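Novice: what follows is a predicted structure for the sequence shown.
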2 protein chains.
Amino acid sequence: MIGTRPAGQHTVRQHNAALVLGAIADGPGTSRAGLAAATGLTKATVSTVVDRLIAADLVAEGEPEQRVGPGRRGTVVSLSPTGPHGLGIEIGVDYLASCLVDPTGTVRAQEVRYADNRTPRVFQRVSAFLRKARKQAEALGVPVGGVGIAVPGLVESGLVRLAPNLGWRDVDLADRLGETFTVANEANFAALAELWHGSALPDFVHVSGEIGIGAGIVLDRALFEGVRGAGGEIGHLPVAPDGPPCSCGANGCLERMAGQEEILRLAGAESVDDLVSALESGDDTAVSAVTTAAGHLGVGLSTVVNLMDVPAVVLGGTYARLEPWLREPLLAELERRVPSTAWSPVRVVRSALGTGAAVRGAAGSVIRGILADPEHYLTTHWPSDQDAQGH
Amino acid sequence: MIGTRPAGQHTVRQHNAALVLGAIADGPGTSRAGLAAATGLTKATVSTVVDRLIAADLVAEGEPEQRVGPGRRGTVVSLSPTGPHGLGIEIGVDYLASCLVDPTGTVRAQEVRYADNRTPRVFQRVSAFLRKARKQAEALGVPVGGVGIAVPGLVESGLVRLAPNLGWRDVDLADRLGETFTVANEANFAALAELWHGSALPDFVHVSGEIGIGAGIVLDRALFEGVRGAGGEIGHLPVAPDGPPCSCGANGCLERMAGQEEILRLAGAESVDDLVSALESGDDTAVSAVTTAAGHLGVGLSTVVNLMDVPAVVLGGTYARLEPWLREPLLAELERRVPSTAWSPVRVVRSALGTGAAVRGAAGSVIRGILADPEHYLTTHWPSDQDAQGH
DNA sequence: CCCAATTAGTTTGATGCCTGAACTTATCGA
DNA sequence: TCGATAAGTTCAGGCATCAAACTAATTGGG
């Protein structure tokens, strides 16, 4: 029960600053008066809060509002495009990716570099890649408010506990690279990117089949992390308890039965491109391979839907490309196994984002972190009350 | 993003009142000075908050502290045993139960009444039962701060969406009985009771096998409710996708494979008492029936453990009685199917509470609700600022 | 027996943030 | 040009916390 901190006026400030900033982010092109109405705060309070946010360059004043009828026009305030940017880095098994986004979430720069990261040299390489991305931001003349790193593994409070495909165990990136980051699992970041920039669903499971099967679960517009940050590990859900052995030691795990490798094997395809063209030409073997995988995926996902009561499934990664063939059999299996479909159907949608979802989520999480607690950013990045505004 | 309310000084007050009260509940026999140290608030603030709580009879001053060394002795403050009590009602299929607890969680009165509740007369019966329980509280001279009702079904924001065993669908108890209640699923209340009065684990799945298989999931000392309150519905998790058909239409659901009915059938026993004596005498059929069920339970629970990252399983209800025979095979299956057991083992423990867990949770939830927001209780039950203190 | 040291709890003035109301600024329509 | 309407600012007032001074109670040593 201990763990809650005492509250004071500063708490009120933090809360209201975040509230106002959230309203600004939500409704682009709102005036101070509109914000007051949206948040329930007084015009006076909104004004003082907005002034602070402008001083920190998190928010910028725009054109006067266009409106019919009498009365003074409000001045529009919106997220400042020159405010703190978010830098995302993704450490894949065979590539590094970076992404720079401005406070509104718009991508300003992007880069991918292929290289085998299963060597001890990764850290040097990441460090150089990060330096380069920072230079890029500098060239654009924008400040970097923080760095988010996506890794294909289990992350617990900033520490990479286990990343089998990278051969990592208990790796502290902050320590290795001499800097602090927002580190998280790539599937989680991808789910967040989907939340912020994709289909506007508030609750969903984002499932992506790459080498493993990763899922990010979003409940009430927030990532579900579980107790130790390992929430949503669906790769080894048992979907065929008497099935073939999986590398993890158990039998018939989802990853073993519906992973990319198994689908390609069943379809007799070399690559995903191969598989897709086979599917497009109506190849029976390919279609039945995907249908079989969809069934297993349905068993696994029905579990998630029943247990967490999430009303939607978003297909990302490789599954997004296979969506036309996965969708029907998956939906059928879900309807069979989820009792609540009787009164509220489960939606299955294809991710609107491509392969860059994870990096984009990593970059976006930096922005979201600042938006969620602007006062914190303000005090850490704007140390003295410098009124250095050109006015 | 909208949905957050503006904060003011009153918010601070609410927060700190709850903080202080929480500290009082946690550490029985603390002084104001101790509370200041525990909460991080000033002695002055603690004093004013405690004075308000005493005025509302949520807290009472006790004996002077016993301590060695110099200095004035503090006056101990603790939850007032004459403060608002919680009344819990459980609507079972064939019984009604009530439970009255004082602010410290001690049971002050209890009653069970057997009757078939699958008739339209239930509501009258519940109403009468509730009236009787209220009279009991009156006889004890204690105020009732609220009523919690446990039902064997799916509850969504106070509405009983579905209770198959009672034949209910979209039943609004508040409307039927002309009163407002805290309504929730019995499994969830049982899990909360386990949290508050049982093994002091902060994160666990409480699973109880009665007629169906219900689970309450507690994460970080809070109930996990899912999006629409249907979180933790594990009865129809697929544990043997090619197994025998279940009443829900799917195949090999957990309830079908490891429910009480199936265990009794496999063991050839008439009742749970029967089964237990067979197990105690080492009957092979009985032991293997329970072992088989444990395996299926392990498959289902491994899902929960993997997905939610919960490190402990609490066996309640009928499973608590079978724990000596369930434990080993269940643990083995979990270890096989949960990758994270490699670095942090899953605990399997037997519920410390008996059959009354759900009612007790219902009653306790009333108390917890008041403790979590004492200012709210104070303003609703102590309308005018009456300084009706004998002083 | 008295006094210094120590700890509990209260009183008081200062601070900070929000609010409400009055006020200034801006725009439309007649 | 004036009245109505709406945006945004200014300022006194309220309220909850905090820091520090102060009172109260208790021990132990001279």
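Specialist: Thanks, I have the structure now. Note that the coordinates shown come from a computational prediction; the quantities given were computed from them, not determined experimentally.
Novice: show me the contacts for the residue most central in space within chain A.
Specialist: The centroid of chain A falls nearest to residue A:192 when counting by Cα atoms, centre = their mean (2.4 Å). Contacts for residue A:192 (Cβ atoms under 8 Å, 6 or more residues apart in numbering or on different chains) come out as A:216, A:218, A:223, A:361, A:364-365, A:368. C-beta here means a position set from N, CA and C on the backbone, and glycine is covered the same way.
Novice: just send these back as TSV, with neighbour count and secondary structure too.
Specialist: Formatted as TSV, these follow (neighbours: other Cβ atoms under 10 Å in any protein chain shown; DSSP: H, G, I helix; E, B strand; the rest coil):
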residue	neighbour count	secondary structure
A:216	32	strand
A:218	23	strand
A:223	22	strand
A:361	33	helix
A:364	23	helix
A:365	25	helix
A:368	19	helix
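Novice: still on that earlier bit, what about the residue nearest to the centre of chain A, which SS state?
Specialist: Three-state assignment for residue A:192 (DSSP: H, G, I helix; E, B strand; the rest coil): helix.
Novice: how near is it to residue A:223?
Specialist: Separation of residue A:192 from residue A:223 (Cβ to Cβ, to the nearest Å) stands at 6 Å.
Novice: find residues that contact each of those two.
Specialist: Joint contacts of residue A:192 and residue A:223 (Cβ under 8 Å, 6+ apart) are residue A:216.
Novice: what does stretch A:216-226 contact?
Specialist: A:185, A:187-192, A:194-195, A:201-206, A:231-232, A:304, A:308, A:310, B:1, B:219, B:226-227, B:307-310.
Novice: other residues contacting stretch A:365-385?
Specialist: So stretch A:365-385 is contacted by A:10, A:13-14, A:17-18, A:21-22, A:25, A:52-53, A:55-56, A:58, A:84-88, A:101, A:103, A:105, A:145-148, A:182, A:184, A:189, A:192, A:196 (Cβ under 8 Å, 6+ apart).
Novice: just how off-centre is it within its chain?
Specialist: Per Cα atoms, centre = their mean, to the nearest Å, the displacement of stretch A:365-385 from the mean C-alpha position of its chain is 20 Å.
Novice: say whether DNA strand C is contacted by that stretch.
Specialist: No: on the criterion Cβ under 7 Å from any atom of the strand, stretch A:365-385 is out of touch with DNA strand C, staying 8.3 Å away.
Novice: average pLDDT for that stretch?
Specialist: If you average the pLDDT over stretch A:365-385, you get 86.
Novice: rewinding a little: read off the pLDDT value for the residue nearest to the centre of chain A.
Specialist: 97.
Novice: same check on residue A:2?
Specialist: 51.
Novice: just the helices in the stretch 51-200 of chain A please.
Specialist: With DSSP state H, counting those that start in this stretch applied, the stretch 51-200 of chain A shows helices at A:122-140, A:173-177, A:186-197, listed in chain order.
Novice: tell me the most buried of those?
Specialist: When these are scored by mean count of other Cβ atoms under 10 Å in any protein chain shown, the highest mean neighbour count falls to helix A:186-197 (a mean of 27).
Novice: show me what the helix or strand just after that one is in contact with.
Specialist: The element immediately downstream of helix A:186-197 (helix or strand, assigned by DSSP states H and E) is strand A:204-209. For strand A:204-209, the surrounding residues in contact (Cβ under 8 Å, 6+ apart) are A:187, A:190-191, A:194-195, A:213-218, A:232, A:234, A:258-260, A:263, A:297, A:301, A:304-305, A:308, A:310-320, A:351, A:357.
Novice: touching, residue A:249 and residue B:336? I think so.
Specialist: Yes: assessed by Cβ atoms under 8 Å, residue A:249 is found in contact with residue B:336 at 6.5 Å.
Novice: the two - which one has more neighbours?
Specialist: residue B:336 (17 against 13; other Cβ atoms under 10 Å in any protein chain shown).
Novice: give me the element that one is part of.
Specialist: helix B:317-337.
Novice: thanks a lot, see you next time.
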